[in-house]
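Colleague: Below are the sequence and a predicted model; questions follow.
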Amino acid sequence: MSSLDDGWLLDRLREAADEADPVPDFVIAAGQAAFALRRLDAELAELVRDSADERAGLIAVRGDGEVRLISFETGPVAVELQVTQRGTMRDLVAQISGADIARATVETPGLRHDVALADGVVTADGVPAGLLRLHVHTADGHDLVTSWVRT
């Protein structure tokens with residue numbers, strides 16, 4: 001059997017495995033999120049408040065347009081994130097205080113969304129529901145990321 005035949009056989013085996021036992025979506029999302037660890041030099045802004053925790057009994061029955069407030073802090077920097085539910089999409093507005101912000105990115109396990117920034121306010125519309133975090137680049141060259149949250 002030649003190496004060309006081996007490649008064909010491996011391709012067929014891969015297809016059969018994908019059909020019989022596909023990788024679950026949550027495993028793919030977790031694997032993609034793990035790649036975010038390559039930025040270990042970024043300072044982590046930890047979750048300090050989530051309005052969903054305060055309404056724990058109501059989360060399962062939220063309707064479209066429901067607003068969730070999430071707060072993160074690290075040192076003097078605070079991030080106040082407002083998440084508005086719109087079906088399977090989320091609209092985000094974040095107020096960042098305590099540092100001059102040069103640019104910001106919303107990260108999901110599969111995508112990075114550059115966001116509009118004006119006077120420390122970050123806005124992003126149409127972000128897919130699920131895991132997300134903010135990655136902020138300060139004017140003095142520091143990086144800050146929020147912890148991951150499920151929206």
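Modeller: Sure thing, it's come through.
Colleague: following the longest helix along the chain, which helix or strand comes up?
Modeller: Secondary structure of the chain read by DSSP state H shows that its longest helix is helix 3-20. Elements were assigned by DSSP states H and E; along the chain past helix 3-20, the next helix or strand is helix 25-34.
Colleague: what residues does that next one touch?
Modeller: Outside of helix 25-34, the residues within contact range by Cβ atoms under 8 Å, 6 or more residues apart in numbering are 109, 110, 130, 131, 148. Backbone N, C-alpha and C define where each C-beta goes, glycine included.
Colleague: pretty sure the last one is in contact with residue 133, am I right?
Modeller: Yes: here residue 148 lies in contact with residue 133, judged by Cβ atoms under 8 Å, at a distance of 5.0 Å.
Colleague: Which of the two has more residues huddled nearby?
Modeller: More neighbours surround residue 133 than the other of residue 148 and residue 133, with 20 against 15 (other Cβ atoms under 10 Å).
Colleague: so how far is residue 20 from the more buried one?
Modeller: 34 Å (Cβ to Cβ, to the nearest Å).
Colleague: And residue 124, by the same measure?
Modeller: 39 Å.
Colleague: the more surrounded of the two?
Modeller: Neighbour totals were compared for residue 124 and residue 20, and residue 124 leads with 19 against 7 (other Cβ under 10 Å).
Colleague: and the more buried one, what is it in contact with?
Modeller: Contact analysis of residue 124 by Cβ under 8 Å, 6+ apart lists 91, 92, 106, 113, 115, 116.
Colleague: Buried subset of those as a PyMOL selection?
Modeller: Filtering the contacts of residue 124 down to the buried ones (16 or more other Cβ atoms under 10 Å) takes a single PyMOL command:
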select buried, resi 91+92+106+113+115
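Colleague: For residue 10, state which of the contacts of residue 124 is nearest.
Modeller: residue 113 (36.1 Å; Cβ to Cβ).
Colleague: isn't the closest one right next to residue 105, touching?
Modeller: Yes: with contacts counted by Cβ under 8 Å, residue 113 reaches residue 105, the gap being 6.6 Å.
Colleague: Could you look up the next helix or strand downstream of the worst-scoring helix or strand of the chain on mean pLDDT?
Modeller: Ranked by mean pLDDT, DSSP states H and E, the helix or strand of the chain with the weakest confidence is helix 25-34, at a mean of 76. Downstream of helix 25-34, the first helix or strand assigned by DSSP H and E is strand 43-50.
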